[in-house]
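Colleague: Predicted model follows, preceded by the sequence.
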Amino acid sequence: MNGWTATLGSAPKRMWCVTVCLMHFALCASADAQQSKIPRVGYVSNNTASSPGPLVEAFRQGLRELGYTDQRNIVLEYRYAEGNEERIATLVNELVHKSVDLLVVPSGIGAQAAKNATKTIAIVMIVQVDPVATGLVDSLARPGGNITGLARLQRQLSGKRLELLNEAIPRLSRVGVLRESQGQVSRIGWEEYKNPAEPLKIQLHSIGLQNPSADLELAMQTAVYDQIGALITITGARTFQLRKAITELASKHRLPSMFEGSSWVEMGGLMSYSTDDIEIFRRTAVYVDKILKGAKPANLPVEQPTKFEFLINLKTAKQIGLTIPPNMLARADRVIK
């Protein structure tokens with residue numbers, strides 16, 4: 001009886017112990033759930049869902065190298081503007097309302113839209129223009145706010161591309177700039193080519209594409225009719241999708257061509273001078289990884305490329321009847337033969 005009485009007497013203590021244990025278990029379970037929560041990363045591309053391109057794949061590869069697998073320990077939410085820059089802000093806002101943990105925006109328009117849409121969600125940008133001059137960050141060393149990432153410096157290389165064309169083509173005086181008629185990238189790119197053209201005594205001719213896929217053949221014919229000596233293409237979402245057609249038409253019309261990325265030369269373009277964009281997009285995954293592990297965007301310096309690539313397609317040069325000076329071939333990082 002005494003033992004039974006003692007057991008009954010300790011019931012309140014047992015109930016208290018059970019309650020404490022349950023609370024402890026609930027807290028541990030909640031902590032484990034938070035720790036095991038799979039981060040959701042939004043990615044807004046100007047490309048198409050059916051053809052996201054090699055740069056998106058480079059980003060995915062970078063994540064894989066860091067141990068991330070989509071739907072296992074990270075969820076990637078892609079949104080594609082299908083070449084329509086006006087859709088980017090809407091897609092960014094859609095991801096913000098879905099409360100993703102981080103946004104990746106590989107364009108200046110996307111970065112500005114993300115900056116306007118949220119002050120709390122971390123943003124990793126990849127931009128072609130100076131992010132300090134455009135007000136995206138306070139400084140490259142200490143971005144401040146919730147945005148950081150990489151600057152591709154595409155626009156700062158415009159003068160170098162004109163210099164290389166001028167060196168490769170004797171008595172070059174007229175250069176056509178093939179570009180999309182609408183959009184910030186096209187507008188800024190055109191302005192960045194105008195300044196360095198003047199000291200080189202090169203006349204620039206804007207060749208606008210209102211509907212790139214429909215206007216391309218006529219644009220090339222116009223360039224030939226206007227006695228354009230060489231062609232530079234500003235990389236936009238729609239021109240990038242048409243790079244094979246553009247390089248083929250340039251060769252067909254025997255137009256020496258300069259491009260803003262190596263993939264154009266690999267498809268048959270004559271020359272390119274650019275940053276290593278594949279490496280830049282792979283490096284973007286490093287920023288994603290650091291932020292997901294607790295780093296603050298405000299304290300992560302904006303990275304600038306230190307490696308630039310000069311490519312020459314010698315097969316194309318022979319096809320259009322152009323002899324590349326030996327000293328230029330020697331300086332090229334890669335020559336496609």
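Modeller: Arrived safely, thanks for sending.

Colleague: give me the number of residues near Lys315?
Modeller: Here the count is done by other Cβ atoms under 10 Å, and Lys315 has 13 residues near it. Any C-beta I mention is one placed from the backbone N, CA and C, and that applies to glycine too.

Colleague: In contact with it, which residues?
Modeller: Residues counted as contacts of Lys315 (Cβ atoms under 8 Å, 6 or more residues apart in numbering) are 268, 336-337.

Colleague: and if we set it to 10 Å?
Modeller: Residues in contact with Lys315 (Cβ atoms under 10 Å, 6 or more residues apart in numbering) are 251, 268, 270, 335-337.

Colleague: Low-confidence stretches in the stretch 151-300 of the chain?
Modeller: The model of the stretch 151-300 of the chain has pLDDT under 70 over residues 154-155.

Colleague: got the residue ranges for the strands in it?
Modeller: Read by DSSP state E, counting those that start in this stretch, the stretch 151-300 of the chain holds these strands, from start to end of the chain: 174-180, 203-209, 230-233, 257-259, 271-275.

Colleague: Quickly run through the sheet partners of the second one, with directions.
Modeller: Which is strand 203-209. According to DSSP bridges, the neighbouring strands of strand 203-209, each with its direction, are strand 174-180 (parallel).

Colleague: Identify each buried residue in the partner strand, please.
Modeller: Residues 175-180 are the ones in strand 174-180 that count as buried (16 or more other Cβ atoms under 10 Å).

Colleague: same thing with stretch 63-83?
Modeller: Counting neighbours by 16+ other Cβ under 10 Å, one finds that the buried residues in stretch 63-83 are 63, 68, 74, 76, 78-81, 83.

Colleague: Mind checking which of the residues you listed are in helices?
Modeller: Judged by DSSP state H, the buried residues of stretch 63-83 include Leu63 as members of helices.

Colleague: so which two of the buried residues of stretch 63-83 are the farthest from each other?
Modeller: Tyr68 and Gly83 (28.0 Å; Cβ to Cβ).

Colleague: Are any of the contacts of Lys315 buried, and if so which?
Modeller: Buried members of the contacts of Lys315, counted by 16+ other Cβ under 10 Å: 251, 268, 270, 335-336.

Colleague: Those: which two are farthest apart?
Modeller: When those are compared pair by pair using Cβ to Cβ, the farthest-apart members prove to be Ser251 and Val335, with a separation of 16.8 Å.

Colleague: Assign Val335 to one of the three secondary structure states.
Modeller: Secondary structure assignment for Val335 (DSSP: H, G, I helix; E, B strand; the rest coil): strand.

Colleague: Tell me how far it lies from His253.
Modeller: 23 Å (Cβ to Cβ, to the nearest Å).

Colleague: Provide a list of residues in contact with Asn116.
Modeller: Asn116 makes contact with 89, 92-93, 96, according to Cβ under 10 Å, 6+ apart.

Colleague: swap that for Asp101, sorry
Modeller: 37-42, 74-75, 121-122, 288, 291-292.
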